[in-house]
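Student: here is my input; please provide its structure:
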Amino acid sequence: MRSNYEQMSLWDTYKGVENALENDKPLLFGLLDEHIDWDEIISPGFYHAFYKRFGRAREYHLESFLRMLLVQRVFHFTEDSQLLNVLRCCREMRDFCGLHKVPDASKLTRFKQDFCRWLAQVFHRLVELTEPICREMDAALADMLNFDLTGIESYVTENNPKFLMLKEKQAQSYAKVNPDFDAEKGRHAFMPQAAESNSEVKYQYINGHFCYAQRAAVLTNGLGIIRHLDLLDQDFRLRHPEVPTEKRTKDPKVDKEIGDSAALRPVLQDFRAAHPNLRYSTFAGDAAFDSYDNYRFLLKEYGFEKAVIPINPRNGAPPGDENFNEQGAPICTKSKQPFSYAGICRGKHRSMRLKFVCPGSKKRRNTRVCTCQSPCTDSKYGKCVYVYPDRDLRLYPGISRDDPEFDEIYKHRAAVERAIASLKCNLCLDGRKTSNVLTTKADLLLAGISQLVCVLLAGRLNDLALARRSRVLLAA
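Tutor: Numbering: from 1, shown residues only. From the prediction side, this is the model:
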């Protein structure tokens, strides 16, 4: 007899919560009220810091501010005035936020600036609460970390298209007087290196165009769920004075104030300090992280088992033996063909090593047979070459670069790109009319908090009865 019930996975529930975020806002209020315990998320220290300022009852509660800022991102209200106008008209939203009257915009700004470091604590608490949920969704993808840097554009005069056109005209005028000057390449020399209103807003190349922005670091797992956020501001540089900040060239497209590779170590160190019990086996990053120092740090110091990073051709060919190709695979001395990767070997009292087999050997049943016309060994199995990763961590970052698993893992690095796009487009980091560093940092953390609250809600709905009921309500 066919059952009328269908078991839902946690991933299905998570997608259902995302659907509620997009399509059924009042239902989302009810789910948040029922399943999210703010006392579990907000520390006693945050409560004390918030209420001690006056020594008397506040007009608005701490949870009310957090709920308002969460709702702002759920409804994609980029400007505070949009949120406040809707709050004045929507009783359900005011009830959810616990408001007897609507505050003015200045109170939201002061809250973000005064309690930015406590918002970071809320974010880190949510990371801890959602880690088991991520492992339950997909253990393999939750066991990898993706890292990338991005830029958050600021509301400054220098980002006005009229300002950019003025500088281009100045470069063209200079080129008429100096024929050797290339106006297209040299126009960057006419651009100020930082915004006049805020020296933290730098001129840089972000998302395919030049603009004035503040750099931010984003760590996600393979599911695209945020694990760490950090604004590379003055506080970050003071915490990590070893990070180079001086540019080597005048081209912002190839030389950034704090490059991806330079930010890797300090960001991961901050992540480990915030979450000392979280461990991941795989790191994935783009070719900007292709550095011998980075491989040594990731595999030897930080404890990753694999570092999936493509080789950057601009860094030069890896030094090595002529009997190995640029991907680290041995070359047959007779056929000049690369050996085939056969997996990782782990023997008793032996270090991990990568096994490569003769390119002419074919797999038959439980063994291999060499089919070369002039074999270089008497063994029917064919010649084998074992390579120890410590020989060259760049060529052998815990996995062979010829292994199909390398490409499969790297595909999931796109999760961090999607997460950044979501933070900007869906969670209101783009289009903000501010350049203040504290406000930008608070908005970055609030965007991450909003995503993690959604993940936590999905985990709380994992009970099959609740999951089925939520799906019925979502479909209603």
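Student: CA-only coordinates of stretch 162-171 in PDB, if you can.
Tutor: What follows is stretch 162-171 as a C-alpha-only set of coordinates in PDB (Å, rounded to 0.1, in the frame of the first residue of the first chain):
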ATOM      1  CA  LYS A 162      30.400  62.600 -13.500                       C
ATOM      2  CA  PHE A 163      33.500  62.400 -11.300                       C
ATOM      3  CA  LEU A 164      34.900  59.500 -13.400                       C
ATOM      4  CA  MET A 165      34.100  61.300 -16.600                       C
ATOM      5  CA  LEU A 166      35.900  64.400 -15.400                       C
ATOM      6  CA  LYS A 167      39.100  62.400 -14.600                       C
ATOM      7  CA  GLU A 168      38.900  60.700 -18.000                       C
ATOM      8  CA  LYS A 169      38.800  64.100 -19.800                       C
ATOM      9  CA  GLN A 170      41.800  65.200 -17.800                       C
ATOM     10  CA  ALA A 171      43.700  62.200 -18.900                       C
END
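Student: off-centre distance for it?
Tutor: Mean C-alpha position of stretch 162-171 versus that of the full chain (Cα atoms, centre = their mean, to the nearest Å) differs by 34 Å.
Student: contacts for it?
Tutor: Applying Cβ atoms under 8 Å, 6 or more residues apart in numbering, the external contacts of stretch 162-171 come out as 157, 183, 186-187, 189-191, 210. No exception for glycine: its C-beta is placed from N, CA and C like everyone else's.
Student: and with 7 Å instead?
Tutor: For stretch 162-171, contacts defined as Cβ atoms under 7 Å, 6 or more residues apart in numbering pick out 157, 183, 186-187, 190-191.
Student: list the buried residues in it.
Tutor: 164, 167, 171 (16 or more other Cβ atoms under 10 Å).
Student: one step back: so can I have a markdown table of the contacts of stretch 162-171 showing distance to Ser81?
Tutor: Supplementary listing: the contacts of stretch 162-171 in a markdown table, determined by distance: Cβ to Cβ, whole Å:
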| residue | distance to Ser81 |
| --- | --- |
| Thr157 | 21 |
| Ala183 | 41 |
| Gly186 | 41 |
| Arg187 | 36 |
| Phe190 | 35 |
| Met191 | 31 |
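Student: now stretch 91-98: average pLDDT?
Tutor: Taken as a whole, stretch 91-98 carries a mean pLDDT of 89.
Student: would you agree Phe236 is in contact with Asp230?
Tutor: Yes: applying Cβ atoms under 7 Å as the test, Phe236 and Asp230 come out as touching, 6.3 Å apart.
Student: quick one: which of the two has more around it?
Tutor: Counting neighbours by other Cβ atoms under 10 Å for Phe236 and for Asp230 shows that Asp230 has the greater number, 24 against 20.
Student: which residues does the more buried one contact?
Tutor: Applying Cβ under 7 Å, 6+ apart, one finds that Asp230 lies in contact with 216-217, 236, 267, 270.
Student: before we move on, what about Ser43?
Tutor: Applying Cβ under 7 Å, 6+ apart, one finds that Ser43 lies in contact with 121, 125.
Student: distance of it from Leu129?
Tutor: Taking Cβ to Cβ, to the nearest Å as the criterion, Ser43 is separated from Leu129 by 13 Å.
Student: what does the domain assignment say about the chain?
Tutor: According to automatic domain parsing, the chain is divided into the following domains: 10-124+435-475, 139-312+411-422, 320-396.
Student: what average pLDDT does the strand or helix carrying Glu417 get?
Tutor: Counting by DSSP states H and E, the element that carries Glu417 is helix 414-421. Computed over helix 414-421, the mean pLDDT rounds to 92.
Student: many thanks, have a good one.
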